[in-house]
Structures are given as C-alpha cells and as structure tokens.
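J.: Kindly return the folded structure for what I paste below:
(one chain, ligands or ions: 1)
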Amino acid sequence: MSKKRIVIAGGSGFIGTALAVEFCARGFEVIVLTRAPRLRTDGIRELAWDGEHPGEWIQCLNEAEAVINLAGRNINCPHTPENLRAIASSRVNSVQTLAAVLDHVKTPPRVWVQAGAVGFYGDTRGELCDESAPNGGDALANVCRDWEAAFDVAKVPQTRKVILRIGFVLGREGGAFPVLARLTRLFLGGAVGDGGQYISWIHLGDLVRMFAAVVENEKAAGVFNAVAPAAVTNAEFMHELRGALHRPWSPPVPEFAVRLGARLMGSEPSLALASQRCEPKRFRAAGFQFQFSKLPPALQDLCSKI
Ligand SMILES: NC(=O)c1ccc[n+]([C@@H]2O[C@H](COP(=O)([O-])OP(=O)(O)OC[C@H]3O[C@@H](n4cnc5c(N)ncnc54)[C@H](OP(=O)(O)O)[C@@H]3O)[C@@H](O)[C@H]2O)c1
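T.: Prediction:
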C-alpha cells in the first residue's frame, strides 16, 4: 500500500521542519513546497513553488491526505508599512494560490490545515481569549484577519478546513526562544516593559502533535487556539527562564530599552510588549493531551539540551 502524503507549503522553516520530521516518522510521504528546493537525504522531498503561481507542484496535491500551509514572510522585522504589506501579502497570496489550484485537482486533499496566529486578537492585556474572541484591530491583528479571511472564502468543498491560531512557539532550533535564552545567559533576561503582558506560549513538541491531531481527527474543523493551557505574564516567563538557566537575577528591561534594542536588532518592539492571554478551549474540549501544559517543565526540557 502506498504511503499517505502530506504536503507542507512553507515547510522549510522552524515549524515546518519539525512537522516534516514528525509526519515522516509517522509513516507519511512528506513533500515540502519551498522557493528554494534542496535535495535531501532524509526521505523528505522538496518541490519548487513561489507561493503565488500554479506550477508543476500542483500534481503533488492530487490524492494527498493533507496540505498544511505555513508560508509567510517572518514577522521578526520592523513593522514599517512596507514590511507589513510584505508580511500580509506573502500569507494571503499563498492561501489564495492554494485555494485556486485545489479547485483543479481531481482528488483534492482531505484536509487543509492553515497556520494563523494569536496576534489575531490584538493586544488584549489580561483578558482571556478563546477562539470566539474578536479581532484586535491593530496592524498585526489586521494581517491575521486578512490571512484568515482569504482562507475562509476558499471554496474547497471536498476538503476539511482547519486554522491553528499559533502562540509563541518554544523550540531549540528556531523562533525567538534561542535568542531569549542567549540573552538570559548573559544576564539580560529581565522582565520586559512592565512585565505584565501575557505570553501565550506553546512547546514545539505539543504544537506538532496538535497539527497531527487535526489532520487525523475527521471531526476537527474551524479555528483552534494552538497554545498551552497556562499563559503567563512576561515577568513570570522571564523568572522561570532565568531559573532554568541558573541566572537568579537580571535587571528589568524598561520599554525604552526594548524599543532601542529592537531597533538595533532589526526587530519590532511590539512583539515583546503586546499581551495575548489565550486559552486552547477547543483543543481541551477535544481531549488533547499536552505533554507540556506548564511552563517550568517546558523550559527545563528546552534548556537542558541547548
Ligand atoms: N514561530 C512562531 O512562534 C509562530 C507563532 C505564530 C504563528 N506562526 C506562523 O506559522 C507559520 C510558520 O512559522 P515558522 O516559525 O515556521 O516561520 P519560518 O521559519 O519563517 O518559516 C516560514 C516559511 O515561509 C516561507 N516564506 C517566507 N516568505 C515567503 C514568501 N514571501 N512567499 C512564500 N513563502 C514564504 C519560507 O519558506 P521558503 O523560503 O523555503 O520558501 C519559510 O521557511 C508562519 O506563517 C507564522 O506566521 C509562527
């Protein structure tokens, strides 16, 4: 019997690399759509696409079990109007391109899992957001709204559709966590701003299992918050991280220093200052088993191996 196939668009990055390895280990044939395909020796195949136009790659969608779309320009850059346009268009275009080609595929994938982000809710300070909470209306929230809207209007009647609104992903090999850990080791791991902003984090291992769960669960459809059950404040997060890295104290980092540091590092201060306190209501209702539901063990796991 031939293997079930998973196609991961934008699967060359931080989350996609972990997903590809996991689905491969689960016995799937894995194909990654990327703008810069490489020849790999780990059984994962990469195909060229540009996220905007149909191409040869369409064929891999025929009879695929699932398509997962992670494509989008990284948000870790200054959020100038120009960068925000590029962040938005890379996401909306990839969704629209997939939607358009799926219409022409004879046997389309049974499920399309689309990445979204908890940035959808905007800066909500301490307010707890489940999946029914409204859109936030700030610049990044608008990007998330347009990204999801493109997915919502996609007419793919034979394909189940799921969006994961992903929180701050903690992993050793990418994303912001290794940078935070490095700064903390240098005694620069103080609470950021007033420290009261919430971080809706998720361990990469649990996120990967969430993707697998919604691919496998035929009843899963619509929006799911992909976050751990216990969002924490920035002050709590940094306290736990310092503990895990044996750095009992670091000076707090006031907002002006965050803004200056972000400018020097070519980043965006609002990424560290905005607050999102989200709960994974639908994953919990579906009985999802978290391996890391509390922050201290998640950080112990990550810090013991870096
Ligand atoms: N990491 C997090 O904490 C987090 C949190 C919330 C949401 N998310 C969302 O989850 C998705 C995956 O995140 P990630 O951390 O794995 O990001 P990543 O490492 O930056 O990977 C994203 C991939 O998108 C592709 N890409 C970049 N610009 C593109 C463009 N203009 N057109 C088409 N493809 C483009 C790249 O693949 P190629 O260069 O190979 O084409 C890249 O490997 C993203 O949409 C992100 O917004 C991530």
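J.: Okay, now the unreliable bits of the stretch 51-200 of the chain?
T.: Scanning the stretch 51-200 of the chain for pLDDT under 70 picks out no residues.
J.: which parts of it sit against the ligand?
T.: 51, 70-74, 90, 94, 115, 117, 166, 168-169, 174-175 (Cβ under 6 Å from any ligand atom). The C-beta positions use only the backbone N, C-alpha and C, and glycine is treated the same way.
J.: run the last query once more with 8 Å
T.: For the stretch 51-200 of the chain, the residues in contact with the ligand (Cβ under 8 Å from any ligand atom) are 51-52, 69-75, 86, 89-91, 93-94, 115-119, 165-169, 171, 174-176.
J.: Give me the buried subset of the residues you listed.
T.: Neighbour counting by 16 or more other Cβ atoms under 10 Å classes 51, 69-73, 75, 89-91, 93-94, 115-119, 165-169, 171, 174-176 among these as buried.
J.: In strands, which of the residues you listed fall?
T.: 69, 115, 116, 117, 165, 166, 168, 169 (DSSP state E).
J.: what bridges to the fourth one?
T.: Note on residue 117: beta-bridge partners by DSSP bridges are residue 166.
J.: Residue 32 now?
T.: According to DSSP bridges, beta-bridge pairing links residue 32 with residue 8, residue 46.
J.: how about the helices of the chain, start to end?
T.: 14-25, 81-102, 139-152, 177-185, 204-216, 234-244, 255-264, 270-273, 281-285, 295-303 (DSSP state H).
J.: Any buried residues in the last one, and which?
T.: Along helix 295-303, the positions that meet the burial threshold by neighbour count (16+ other Cβ under 10 Å) are 295, 298, 299, 301, 302, 303.
J.: Can you check the pLDDT for residue 304?
T.: On pLDDT, residue 304 comes in at 87.
J.: How many residues are close by it?
T.: By other Cβ atoms under 10 Å, the residues close to residue 304 number 9.
J.: coming back round to it: which two from the ones in strands among the buried ones among the residues of the stretch 51-200 of the chain next to the ligand end up farthest apart in space?
T.: 69 and 168 (20.0 Å; Cβ to Cβ).
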